[in-house]
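1. please work out how this folds:
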Amino acid sequence: MSYPDSILRSVEKPGRYVGNEINMVEKNISKIDIRFAFAFPDIYDVGMSHLGLQILYFFLNRRADTYCERVFAPWVDMAAKLREKYLPLATLETHTPLPNFDIIGFTLQYEMSYSNILNMLNLANIPIFAKDRNDSHPIICAGGPCAYNPEPMADFIDFFYIGEGEASLNAVLDIFAENKNSGGTKTQFLEALLGVEGIYVPRFYDVTYNDDGTICKFFPNHPNAPEIIRKTFIADMDVAYFPDKQLVPLVEIVHDRVAIEVFRGCVRGCRFCQAGFISRPHRARSPETLQNQACALLENSGYDEVSLLSLATNDYAPLESLVDGILGHPANANVNISLPSLRIDAVNFALLQKVQKVRKSGLTFAPEAATQRLRDVINKNISETDILDGCRLAFQGGWNRIKLYFMVGLPSETEADILGISQLAGKILDAYYELPKEARKRAPQLSISISAFVPKPFTPFQWEAQNSLEEFDNKQTLAKQNTRRRAIDLSYHNADISRIEGAFARGDRRLSAALARAVALGAAFDGWSEHFNYNIWQQAFTDAGLDLDFYTIRPRPHAEILPWDFIHTGVSKDFLISEREKSINEITTPNCHQTCSGCGMHKIKGGICNETAR
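-> The predicted model follows:
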């Protein structure tokens, strides 16, 4: 049953809650064995822009026995209406309340969405703690990048999927179907999952702690539970599943266009970047495959723009031939191409001229650090000359709006590194005014965005201390006070949010008590600064008997057992330690296209590592 019109007329963007989008899958429920709710813990506008949702939605719906439907976190106005009218949270496809599903799968894209997960369960009248759910309740599972440290959510989730969904999800659903049809219990299903690679079932593991609060021992309590969980991944991206259609929303979303995935993994090895390490090895699709995918999606969606996604799209060697192939197709005469992830040291401005021939949008680059010393610490492997030359070429090509991303709080950072932000910005503007007057048709606009560094698992910086709030505030103030030129707009991320993000990024399963308490106190949409309430989180940690400083500003020794140490991504811990030591000595590591640095992935079949391994 759909939500009443009286409610939909009273909330912002009611189209978020009605479904019926172009290419939405419809099935006969009476012939379905497995009802799967794909749950995105943010609003529709954000979730529908996520490529992973689009891929897994059609991947799961290929199965004749499975119907995958979608549910998103309702915005605050809609959530209030559901509570007021005692209506359960329901899916878009059939408007079925979540308790009627077999499996609810949450994607963990960002730690600050965790409160939304509990709120969605509350809105569905499903107990939030796994221990309080019985065989009448749906199985609750989770995957995505934050699942690489599943422990803060371990008390709420029945099983985690570690890795790429296309690799083993079919095996998971086969086991579920067999267990359901044979009358098996939830426990029997979870026990059967212990034989599937990449599956972590928290109830089959125990943790003990030392007197100082660190982990003493993490161990299986079930004879079939593996001591190490290895991530799953697709070795050959040309044979990996990719849909030939895309859900097209009826309301405006964040990224309203077709998206194709150029490659997975990254060769760069930036030491702060979790995505670059957990997504290894680097695996690219062929230009022919990508061209066919782009053309099919454009034809089946009606969009006139395609986004080429990856962690660094200009690392794709045949990028120009791919662009030519897409734009050269007779049906794509008016198609635009978006390249959202570019490194400033490798930008092909002739190519950008080609894809932005109608309208030159702004360019975005991420130097991350403003001084060469600090860029060497984080292994960014770009020079100031690269940055200035890139901006100069952009200005010469007609782009006058450039956005630059920086971080504060990076390991070994000094005041000179903070002041370097304004100094570098000034040099970029000077490069603009070096152009002949006739070439300066519009005033330059330079946007500087500063975020607070959060150490993440499976990176060389996973042992580092996070800055305190006072340190973050002082550094952001220093950067702002020294960046006063009229053409420069400086903004910075809420450090309070980054502190809570840092706690959950490297936290253990004791954090479940703080999370549950925060939600009880009203936490929701914590990734949205207008709804984040730091006082709630402080109170929640106090009530749970937990120390925020222990999880954030405390450095970890290499010998400490980390909450995620039982997960193996393929990158060895010894390599991460060696990279951390190189960062201390300001030594860079070349990218994987240049030489193999022995991260450990060369031992695993698939990807660039096997082409260059020692």
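
2. okay, now the domains of the chain?
-> For the chain, automatic domain parsing gives the domain ranges 5-230, 257-359+570-614.

3. lowest average confidence across these, which one?
-> Of all the domains of the chain, mean pLDDT reaches its minimum on domain 257-359+570-614 (a mean of 88).

4. name the helices or strands packed onto the helix ranked longest in the chain?
-> When the chain is parsed with DSSP state H, its longest helix is helix 415-433. For helix 415-433, the packing partners by 3 or more C-beta pairs under 8 Å, 6 or more residues apart in numbering; DSSP states H and E come out as helix 372-377, helix 384-396, strand 401-408, strand 445-452, helix 469-481, strand 488-492. In short, each C-beta sits where N, CA and C put it, glycine included.

5. can you tell me which of these is nearest to Phe36?
-> Of all these, strand 445-452 sits nearest to Phe36, with 34.7 Å by C-beta to C-beta.

6. what are the buried residues along the host helix or strand of Asp574?
-> Using DSSP states H and E, Asp574 sits in helix 573-584. Judged by neighbour count using 16 or more other C-beta atoms under 10 Å, the buried positions of helix 573-584 are Phe575, Leu576, Ser578, Glu579, Arg580, Lys582, Ser583.

7. ok, now stretch 93-113?
-> Buried residues in stretch 93-113 (16+ other C-beta under 10 Å): 93-94, 96-99, 101-113.

8. in the sheet, which strands lie alongside the helix or strand where Ile104 lies, parallel or antiparallel?
-> In the assignment (DSSP H and E), Ile104 maps to strand 103-107. According to DSSP bridges, strand 103-107 forms sheet pairs with strand 34-40 (parallel), strand 139-143 (parallel).

9. pull the CA atoms of that strand into PDB?
-> Extracted C-alpha coordinates of strand 103-107, given in PDB (Å, rounded to 0.1, in the frame of the first residue of the first chain):
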ATOM      1  CA  ILE A 103      16.700  -9.800   3.600                       C
ATOM      2  CA  ILE A 104      17.400  -6.100   4.100                       C
ATOM      3  CA  GLY A 105      20.800  -5.100   2.800                       C
ATOM      4  CA  PHE A 106      22.300  -1.800   3.800                       C
ATOM      5  CA  THR A 107      25.200  -0.200   2.000                       C
END
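
10. make 39 the starting number, not 1.
-> Shifting the count to begin at 39 puts that one at strand 141-145.

11. need the contact partners of that strand.
-> The contact list for strand 141-145, computed with C-beta atoms under 8 Å, 6 or more residues apart in numbering, reads 72-79, 88, 90-91, 109, 136, 155, 158, 164, 176-182, 195, 214.

12. and stretch 614-632, by the same measure?
-> Residues outside stretch 614-632 that contact it (C-beta under 8 Å, 6+ apart): 305-307, 309, 315, 320, 353, 411, 414-417, 419, 449-450, 496-502, 596, 635, 646-647, 650.

13. among those residues, name the buried ones.
-> Neighbour counting with 16+ other C-beta under 10 Å marks 305-307, 309, 315, 320, 353, 414-417, 419, 449, 496-502, 635, 646-647 as buried within the contacts of stretch 614-632.

14. picking that back up, distance to Thr515 for the domains of the chain - can I get that in TSV?
-> Formatted as TSV, the domains of the chain follow (distance: least, C-beta to C-beta, whole Å):
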stretch	distance to Thr515
domain 43-268	23
domain 295-397+608-652	22
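
15. of the ones you listed, which is nearest Ala543?
-> Among the domains of the chain, the nearest to Ala543 by C-beta to C-beta is domain 43-268 (5.5 Å).

16. returning to what we had before: the longest helix of the chain vs strand 439-446, what angle?
-> Here the directions of helix 453-471 and strand 439-446 differ by 170 degrees (axes from the mean of the first three to the mean of the last three C-alpha atoms, to 10 degrees).

17. so what's the residue count around the residue lying closest to Glu202 once chain neighbours are set aside?
-> Spatial nearest neighbour of Glu202, chain neighbours left out: Phe271 (4.8 Å); criterion: C-beta to C-beta, 6 or more residues apart in numbering. Using other C-beta atoms under 10 Å, Phe271 has 25 neighbouring residues.

18. what's the nearest residue in space to Thr129 that is not next to it in sequence sitting at in phi/psi?
-> Nearest residue to Thr129, sequence neighbours excluded (C-beta to C-beta, 6+ apart): Glu107, at 3.9 Å. Phi and psi for Glu107, reported as degrees, to the nearest 10, are phi -120, psi 170.

19. OK, contacts around Glu107?
-> Arg73, Phe74, Ala75, Phe76, Thr129, Leu130, Glu131, Thr132, Thr134, Phe139.

20. Lys479 and Gln434, how far apart?
-> 12 Å (C-beta to C-beta, to the nearest Å).

21. do Leu600 as well
-> For Leu600, the distance to Gln434 - C-beta to C-beta - is 48 Å.

22. just Asp353 next, same as before
-> 24 Å.

23. before we move on, back to that, what residues does the longest helix of the chain touch?
-> 405, 407-409, 411-412, 422, 425-426, 429-430, 433, 438, 440, 442, 444, 446, 448, 478, 482, 484, 486, 488, 513, 516-517, 520-523, 525-526.

24. all the strands of the stretch 89-238 of the chain, residue numbers only.
-> Listed in chain order, the strands of the stretch 89-238 of the chain (DSSP state E, counting those that start in this stretch) span 104-110, 141-145, 177-181, 197-199, 237-238.

25. walk me through which strands the longest one pairs with, and which way each runs.
-> It stands for strand 104-110. Looking at strand 104-110 with DSSP bridges, its partner strands are strand 72-78 (parallel).

26. please consider this matter closed, and thank you.
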